[in-house]
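# Next input, structure requested:
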Amino acid sequence: MKRRFRTYTILAAAAASAVMFSVSGCGENSLASEDNIPMLVQHMFVISDRFSGQPYQYTSPTKTVYLDTNESVKFCAAYLINNSYMHSDTASNHYLNHSWIIEGEEYNISPLRFSFKTPGYRQGILQTIDLFLDTLRDTLNIFVNTPISLSLIAPANGYNQVKPDSDGEVQIRWDLKGLDPWEMHECNLYASFSENDVWTKNLGVVDCFENARFVGPFLRDSLRTFLQNYPERDTTETIYWGMTAKFFTADGFEEIDTTDIFHFSTLYLHEDSSVINIPIGYKDYQEGAIVTQVIITDTKGDTVLVKNKQTIPSTVRAKIAPQTGLRIYAQELFLREFQAEPVTVNTSPGALTTVDTIWFQDKVQPQVLPFASIQDNLEPNDAAISGDTISFYALDNGTGINKDKIIVSTEKDTLSFLYEEPFIKFRTPCLSTCKIRVQVEDYAHNTSPKHYWIFSSTGEHPTLKGPYSETGGDK
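Okay, the predicted model is just below:
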């Protein structure tokens, strides 16, 4: 999970407009006419690439800006006379030429859209030649940041070899990148016994570029008391943790990155215990009753556990003797097009092992066929025709048919249809013979096979032949 805070830092704004008969910025080439004509004053603006219009409508003039690599912005010039900004069209009547000089190149345009491909410090120069042939010149400090990146390394997510009642330590390590020479840094460590509370439990500031450690014991006081009163009971504790890193400058710029939440679990007090947590989820699930069955077998193929769940998402918890090579199979008993890959896992004495989430996915194509009602003396396909209406039905025993992705067409036209799950009904499309295509897609983006049927109304009664493959031949 990542959060980003962006500000264009303003170092000099109000002071420039206080003295209207001198040039703002570095104060170079301050000019005044002999007739005491009010002087032209220029300011520099940096705005997001998506903004248009006059820059002073969005922000204030600046002498310093912080950007990311490849971040596209607009460098804009704005001009004042008598303490009032002028629209860019009006301002152009008060100077002969203006330009930006960035990375050694001169650009005779404002606003100038620009992005920097590499990090580092640059200068941008805005220079304007006024009607008196005098040059106004201001310098913009540009700091191009290396993107911040923070990720956890150790303990590995799901680590489960920590003794719960010892004063031992768990070393924690992370990878942090993107600090630039002009930035300061701060890192905070968070941890909780509840995953939902992690970001409210700040353990304090840690050195961003040094390893840290968690120090045991790793049992809550209430749980310790419970186990003292009931020594025959057994349990394990899970600690959830994460970090944030902030890079910032003294003038208000900051960028923040936040890690995913990792977790590690303690060993059981009774080391003959071994427990597996098996999280289960369904991708693109829409609706319908489900029964998830989990089967665990040992290395010989013998079944050691069978358990059913009827909720999404769910977690199967199994207590099994410590062993290697356990095989976890998951199957859906109702929506059978949802399928999952088997998982192999090893368990250790006294350990809680949480496997990666087993995801059920629908990878099966939906099927489309003519609806064959019972009519004497008619072929099944022909029986799908009733009067001037043809009826198909769409089958998908997984995520379900996406009604917004149904297309009924002939060689020339897209046809209107009525969808009343699972039936697709439409009027006979032609007066003689034509091809009909009925294409559907399920919510997992699986599409039905590319087939067509031939409709004919030239005989004794209408006929519907097929399906035929779009590439030739029968189905």
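
# what about the strands in the stretch 51-200 of the chain?
Ranges of strands in the stretch 51-200 of the chain, per DSSP state E, counting those that start in this stretch, are 64-68, 73-81, 84-86, 95-102, 105-107, 112-114, 120-130, 135-145, 149-154, 159-162, 169-177, 184-192.

# Now render these as JSON lines, adding mean neighbour count, distance to residue 57 and mean pLDDT.
Bear in mind the C-beta positions are built from the backbone N, C-alpha and C, glycine included. Formatted as JSON lines, those follow (neighbours: other C-beta atoms under 10 Å; distance: least, C-beta to C-beta, whole Å; pLDDT from 0 to 100):
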{"stretch": "strand 64-68", "mean neighbour count": "21", "distance to residue 57": "18", "mean pLDDT": "92"}
{"stretch": "strand 73-81", "mean neighbour count": "22", "distance to residue 57": "10", "mean pLDDT": "92"}
{"stretch": "strand 84-86", "mean neighbour count": "16", "distance to residue 57": "9", "mean pLDDT": "90"}
{"stretch": "strand 95-102", "mean neighbour count": "17", "distance to residue 57": "20", "mean pLDDT": "92"}
{"stretch": "strand 105-107", "mean neighbour count": "11", "distance to residue 57": "23", "mean pLDDT": "92"}
{"stretch": "strand 112-114", "mean neighbour count": "16", "distance to residue 57": "18", "mean pLDDT": "91"}
{"stretch": "strand 120-130", "mean neighbour count": "17", "distance to residue 57": "19", "mean pLDDT": "92"}
{"stretch": "strand 135-145", "mean neighbour count": "19", "distance to residue 57": "20", "mean pLDDT": "93"}
{"stretch": "strand 149-154", "mean neighbour count": "15", "distance to residue 57": "35", "mean pLDDT": "94"}
{"stretch": "strand 159-162", "mean neighbour count": "18", "distance to residue 57": "54", "mean pLDDT": "78"}
{"stretch": "strand 169-177", "mean neighbour count": "15", "distance to residue 57": "37", "mean pLDDT": "91"}
{"stretch": "strand 184-192", "mean neighbour count": "17", "distance to residue 57": "33", "mean pLDDT": "94"}
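
# Could you find the closest non-adjacent residue to residue 201?
Counting by C-beta to C-beta, 6 or more residues apart in numbering, residue 192 is the residue found nearest to residue 201 once chain neighbours are left out, at 4.2 Å.

# quick one: that neighbour and residue 198 touch, right?
Yes: using C-beta atoms under 8 Å, residue 192 is in contact with residue 198, at 4.8 Å.

# any shared contact partners between these two?
Common contact partners of residue 192 and residue 198 (C-beta atoms under 8 Å, 6 or more residues apart in numbering): 240, 241.

# sorry, back to before: partners of the residue nearest to residue 201 in the sheet?
residue 240 (DSSP bridges).

# can I get the strands of the stretch 51-200 of the chain in TSV with distance to residue 265?
Below are these laid out as TSV (distance: least, C-beta to C-beta, whole Å):
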stretch	distance to residue 265
strand 64-68	38
strand 73-81	47
strand 84-86	62
strand 95-102	54
strand 105-107	58
strand 112-114	51
strand 120-130	45
strand 135-145	38
strand 149-154	15
strand 159-162	4
strand 169-177	11
strand 184-192	13
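
# Got the domain ranges for this protein?
By the assignment in automatic domain parsing, the chain contains the domains 14-145, 149-266, 275-362, 367-469.

# How far does the last one stretch from one end to the other?
Using C-alpha to C-alpha, to the nearest Å, one end of domain 367-469 lies 14 Å from the other.

# gap between that domain and the chain center?
Using C-alpha atoms, centre = their mean, to the nearest Å, the mean C-alpha position of domain 367-469 is found 38 Å from that of the whole chain.

# Please list all residues in contact with the residue nearest to residue 201.
Applying C-beta under 8 Å, 6+ apart, we find residue 192 in contact with 198, 200, 201, 239, 240, 241.

# List the contacts of the fourth one.
This points to residue 239. By C-beta under 8 Å, 6+ apart, the neighbours of residue 239 are 191, 192, 193, 214, 218, 263, 264, 265, 266.

# With distance to residue 112 as added columns, please give the residues you listed in a markdown table.
A markdown table is the format used below for the contacts of residue 239 (distance: C-beta to C-beta, whole Å):
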| residue | distance to residue 112 |
| --- | --- |
| 191 | 48 |
| 192 | 49 |
| 193 | 54 |
| 214 | 51 |
| 218 | 57 |
| 263 | 49 |
| 264 | 51 |
| 265 | 56 |
| 266 | 59 |
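
# Is it correct that residue 108 is in contact with residue 101?
No: in this structure residue 108 lies outside contact range of residue 101 using C-beta under 8 Å: 10.3 Å.

# Distance check, residue 341 against residue 257.
For residue 341, the distance to residue 257 equals 32 Å [C-beta to C-beta, to the nearest Å].

# For the two, work out which one has more neighbours and name it.
Each of residue 341 and residue 257 has its neighbours counted (other C-beta atoms under 10 Å); residue 257 has more, 22 against 11.

# just checking, that one touches residue 149?
Yes: the pair residue 257 and residue 149 passes the contact test of C-beta under 8 Å, sitting 6.3 Å apart.

# Find residues that contact each of those two.
In contact with both residue 257 and residue 149: residue 178, using C-beta under 8 Å, 6+ apart.

# Which residues lie in contact with the residue lying closest to residue 137 once chain neighbours are set aside in this structure?
Spatial nearest neighbour of residue 137, excluding adjacent residues (C-beta to C-beta, 6+ apart): residue 127 at 4.6 Å. Shown in contact with residue 127 (C-beta under 8 Å, 6+ apart): 98, 99, 101, 135, 136, 137, 138.

# ok, now with 7 Å
For residue 127, the contact set (C-beta atoms under 7 Å, 6 or more residues apart in numbering) comprises 98, 99, 135, 136, 137.

# export those residues to TSV and tack on distance to residue 356?
Below are those laid out as TSV (distance: C-beta to C-beta, whole Å):
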residue	distance to residue 356
98	59
99	57
135	65
136	62
137	60
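
# Between the residues you listed, which sits nearest residue 357?
Using C-beta to C-beta, residue 99 comes nearest to residue 357 of the contacts of residue 127, at 56.9 Å.
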